[in-house]
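A.B. asks: fold the following.
(one chain, ligands or ions: 1)
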Amino acid sequence: MVLHPEQYAEIRKSLDECKRPLFFFDDDPDGTCAFLLLYRYKREGTGVPVKSAPNLTAQFLSKVREYGPDLILVLDKPLIDQDFLDGADCPVIWIDHHGHVKRERVRYYNPRDNNPNDITSTAINAYYVGQQKEDMWIAMMGGVGDWQLPPFTKEFCEQYPDLLDKDVKRPEDALFASKLGRLIKILSFVIKGKTSEVIKCIKIMTRIKSPYEILREETPQGKYIMKRAKQIEERYDELLKMAMKKRSKDLLLIFTYQDDKMSFTKEMSNELLYKFPNKIIVAGREKSGELKLSLRSRDYLLPPLVQKALEGLEGYGGGHEHACGTNVKVGQFEQFIEQFRTAMKEQGKEKKGRK
Ligand SMILES: [Mn+2]
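C.D. replies: Okay, here's the model as predicted:
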């Protein structure tokens, strides 16, 4: 366990005692699985996937008024605007694992507050709240989807040896070279695109009993999820193929595409880095004159490179050491890459100097 046992008990008690919980969750596998786990425990309430922006804004208060909850749970969102918390007229529980944020009028649970190095994913923590063994596969999807092997991985492998080999040591191998990884990919596809479709698929996921319903298409519900995922996967595979053709001797692998609706850059950049671990991956989606980029590198520290690359340009970005997101104007992309290369060279020299 990674939050304190009392913390899990507190959250569980609030869930047990409420009647109309309203869940807001990040629309990635970790956030979605955290919702699924708590909803499947409570069997009550409703869920709202929160797209794109990292913060839950006061705009979402309309959802609160519409539903009239007696408890709000916010899952895997890095930020909540204080306005939202001030405007919500019921208790709010927030479970997250991004950097600590100070807010009032919220019960905040973040493993980093107990141990600064503990980044345990929200789905893993949600699993410890409900502790429903039959839902372990959902917690695994969430954790591995966030590049973490949960503490109960061994138990999972014993129960589902065909989904994940017990000798897998790296989350990326679980993600890209196992049936569990296949399942995570399916989930990540069905939570993309049209909101009404996304909500339909999540609703179905609240009722699916086993991973084989989906993987082996054993029930109409499982079949539906698979069919929807395959539709979206077609587009993904087409883009990935195009991106792989861009590979050259260049250390940078740059790929951009145009799409108003669906973003694949996160998944693409992860998969490209897995296939080509020595490259720096820049995957971008063009939308309304801007490029939304996902950058990945195993060896380089990306935030300082991105910062230097953005100098003098209109753009913003940030993220983790080896995984970053950035927005730049389409017309400035060339200059961004040029400045990025310069910064790369400098960092490369520093690296050699240190050896
Ligand atoms: Mn997460």
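A.B. asks: what about this protein, any weak spots by pLDDT?
C.D. replies: 1, 52, 352-355 (pLDDT under 70).
A.B. asks: the ion contacts on that one?
C.D. replies: Proximity of the chain to the ion (C-beta under 5 Å from the ion) is limited to residues 30, 76, 121, 146. Quick note: C-beta positions are derived from backbone N, CA and C, even for glycine.
A.B. asks: contacting residues around Val49?
C.D. replies: Actually, residue 49 is Pro rather than Val. 25-27, 31-32, 35, 191, 195, 198-199, 202 (C-beta atoms under 8 Å, 6 or more residues apart in numbering).
A.B. asks: can we see that at 7 Å?
C.D. replies: Residues near Pro49 by C-beta atoms under 7 Å, 6 or more residues apart in numbering: 25, 27, 32, 191, 198, 202.
A.B. asks: doesn't it lie inside a strand?
C.D. replies: Yes. Counting by DSSP: H, G, I helix; E, B strand; the rest coil, Pro49 is found in a strand.
A.B. asks: partners of it in the sheet?
C.D. replies: Phe25 (DSSP bridges).
A.B. asks: and it, how close does it get to Leu37?
C.D. replies: 15 Å (C-beta to C-beta, to the nearest Å).
A.B. asks: number of nearby residues for Met242?
C.D. replies: 12 (other C-beta atoms under 10 Å).
A.B. asks: could you point out which element follows the host helix or strand of it?
C.D. replies: Element membership for Met242 (DSSP states H and E) is helix 220-245. Next along the chain after helix 220-245, taking DSSP H and E as the criterion, comes strand 252-258.
A.B. asks: which other residues reach that following strand?
C.D. replies: Against strand 252-258 from outside (C-beta under 7 Å, 6+ apart): 239, 242-243, 246-247, 272, 276, 279-286, 291, 337.
A.B. asks: same question for stretch 119-131.
C.D. replies: 1-3, 8, 11-12, 30-31, 33-34, 37-38, 41, 75-76, 95-97, 111-112, 135, 139, 142-143, 146, 148, 150.
A.B. asks: now intersect those residues with the strands, please.
C.D. replies: Among the contacts of stretch 119-131, DSSP state E puts 75, 95 in strands.
A.B. asks: which of the contacts of stretch 119-131 are buried?
C.D. replies: 2-3, 8, 11-12, 30-31, 33-34, 37-38, 41, 75-76, 95-97, 111-112, 135, 139, 142-143, 146, 148, 150 (16 or more other C-beta atoms under 10 Å).
A.B. asks: how far does stretch 196-204 sit from the chain's center?
C.D. replies: 17 Å (C-alpha atoms, centre = their mean, to the nearest Å).
A.B. asks: er, stretch 204-217 actually
C.D. replies: With C-alpha atoms, centre = their mean, you get 20 Å for stretch 204-217.
A.B. asks: can you give me the end-to-end distance of that stretch?
C.D. replies: In stretch 204-217, first residue to last residue: 13 Å (C-alpha to C-alpha, to the nearest Å).
A.B. asks: list the buried residues for that stretch?
C.D. replies: Residues of stretch 204-217 classed as buried by neighbour count (16+ other C-beta under 10 Å): 204-205, 208, 211-215.
A.B. asks: closest to the ion among the residues you listed?
C.D. replies: Set against the ion, the nearest of those by C-beta to the ion is Met205 (17.2 Å).
A.B. asks: please name the nearest non-neighbouring residue to that closest one.
C.D. replies: Spatial nearest neighbour of Met205, chain neighbours left out: Leu36 (5.7 Å); criterion: C-beta to C-beta, 6 or more residues apart in numbering.
A.B. asks: show me where the stretch 151-300 of the chain has its helices.
C.D. replies: 153-159, 171-176, 179-190, 195-205, 211-215, 220-245, 265-275 (DSSP state H, counting those that start in this stretch).
A.B. asks: what is the burial count for the spatially closest residue to Asp81 that is not a sequence neighbour?
C.D. replies: Closest residue to Asp81 apart from its sequence neighbours, by C-beta to C-beta, 6+ apart: Thr57 at 5.0 Å. When neighbours are defined as other C-beta under 10 Å, Thr57 has 13 of them.
A.B. asks: could you report the neighbour count for Ile186?
C.D. replies: 24.
A.B. asks: repeat that for Glu334.
C.D. replies: 10.
A.B. asks: packing partners for the helix or strand harbouring it?
C.D. replies: Using DSSP H and E, Glu334 sits within helix 333-354. Packed against helix 333-354 by the contact rule (3 or more C-beta pairs under 7 Å, 6 or more residues apart in numbering; DSSP states H and E) you find helix 302-309.
A.B. asks: got the buried residues for the helix it packs on?
C.D. replies: Buried, per 16+ other C-beta under 10 Å, within helix 302-309: 302-303, 305-306, 309.
A.B. asks: give me the contacts around the helix holding Glu334.
C.D. replies: 254, 291, 300-301, 305, 308-311, 313, 328.
A.B. asks: distance between that helix and the chain's centre?
C.D. replies: 28 Å.
A.B. asks: can you offset everything so residue one is 29?
C.D. replies: In the new numbering, first residue 29, that becomes helix 361-382.
A.B. asks: tell me the angle that helix makes with strand 280-286.
C.D. replies: If you take axes from the mean of the first three to the mean of the last three C-alpha atoms, to 10 degrees, helix 361-382 sits at 150 degrees to strand 280-286.
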